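Undergrad: curious how this folds, go ahead:
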Amino acid sequence: MREEPRQGRVGVRDAGPEDAEFLLDMLLEAFNWTGAERFSRKQVLRNKTLSHYVAGWQREGDLGVVAVDLAGPSGFQIPAGAAWLRRFTAASPGYGFVADDVPELSMAVLPGYRGRGIGAGLLRALAARARDAGIERISLSVEDDNPAARLYTAAGFVKVGRNGNADTMVLELDALGQAVGK
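TA: Got it, this is the predicted structure:
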């Protein structure tokens, strides 16, 4: 059972190989955004299309950030959310695949931390790191009715396609600083 989050300060740090399990937790949050369990941990791990968002984290080119609650017990930083980028190929695409050179964003915030601007902060931090790494565009897939679509639109993502019941969106990273936080 998870302890209710304290309303303390939240910081952002780089994601490392030690965060693989937490990224899997966040992937489950992203896939199960309605609150109902559409995918179990076992289903995600057994399905190559789903698991390739986190399998073998942190491979070359992977980039991510983790939001941490700085008010954890005894000074521990409690993970509250994460955003990460991963490149896929046309032969093995993600749901928001656009091109081999455009990494795809995955992101989630734990329910008790939502509505505090953590998602926007994660997105800003990750975009800055991506720009520093020479990445010009990032893509994502967001299902119809997912409240996160508002965050992505506000950040400057634009719809470039449709895959089933989801929009594929792309962000030109130069536009991020002008759009997020306004």
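
Undergrad: which strands and helices sit next to the longest helix anywhere in the chain?
TA: Secondary structure of the chain per DSSP state H: the longest helix is helix 118-132. Applying 3 or more Cβ pairs under 8 Å, 6 or more residues apart in numbering; DSSP states H and E, one finds that helix 118-132 makes contact with strand 10-14, strand 63-69, strand 78-86, strand 104-109, helix 148-155, helix 173-179. Placement of C-beta: from N, CA and C, glycine included.

Undergrad: just confirm Met169 is within a strand.
TA: Yes: applying DSSP: H, G, I helix; E, B strand; the rest coil, one finds Met169 inside a strand.

Undergrad: so what's the nearest residue to it once chain neighbours are set aside up against?
TA: Excluding the flanking residues, the one nearest Met169 by Cβ to Cβ, 6 or more residues apart in numbering is Phe157, at 4.0 Å. Applying Cβ atoms under 8 Å, 6 or more residues apart in numbering to Phe157 gives the contacts Leu140, Met169, Val170, Leu171.

Undergrad: and the third one, how many neighbours?
TA: Meaning Val170. Look at Val170: counted by other Cβ atoms under 10 Å, it has 19 neighbours.

Undergrad: that one pairs with what?
TA: Judged by DSSP bridges, the bridge partners of Val170 are Ser139, Val158.

Undergrad: surely it is in contact with Val98?
TA: Yes: at 5.8 Å, Val170 and Val98 qualify as touching, with contact defined as Cβ atoms under 8 Å.

Undergrad: mutual contacts of these two, please.
TA: Overlap of the contact sets of Val170 and Val98 (by Cβ under 8 Å, 6+ apart) consists of Arg137, Ser139, Val160.

Undergrad: for the second one, what are its contacts?
TA: Under the criterion of Cβ under 8 Å, 6+ apart, the contact partners of Ser139 comprise Gly96, Phe97, Val98, Val102, Pro103, Glu104, Leu105, Val160, Thr168, Met169, Val170, Leu171.

Undergrad: before we move on, the earlier item: now the angle from the longest helix of the chain to strand 104-109?
TA: Helix 118-132 and strand 104-109 are oriented at 150 degrees to each other (axes from the mean of the first three to the mean of the last three Cα atoms, to 10 degrees).

Undergrad: export the contacts of Ser139 to TSV and append columns for pLDDT and distance to Leu85.
TA: Formatted as TSV, these follow (pLDDT from 0 to 100; distance: Cβ to Cβ, whole Å):
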residue	pLDDT	distance to Leu85
Gly96	93	11
Phe97	94	13
Val98	95	13
Val102	96	9
Pro103	97	4
Glu104	96	7
Leu105	97	6
Val160	96	17
Thr168	96	15
Met169	97	14
Val170	96	13
Leu171	96	11
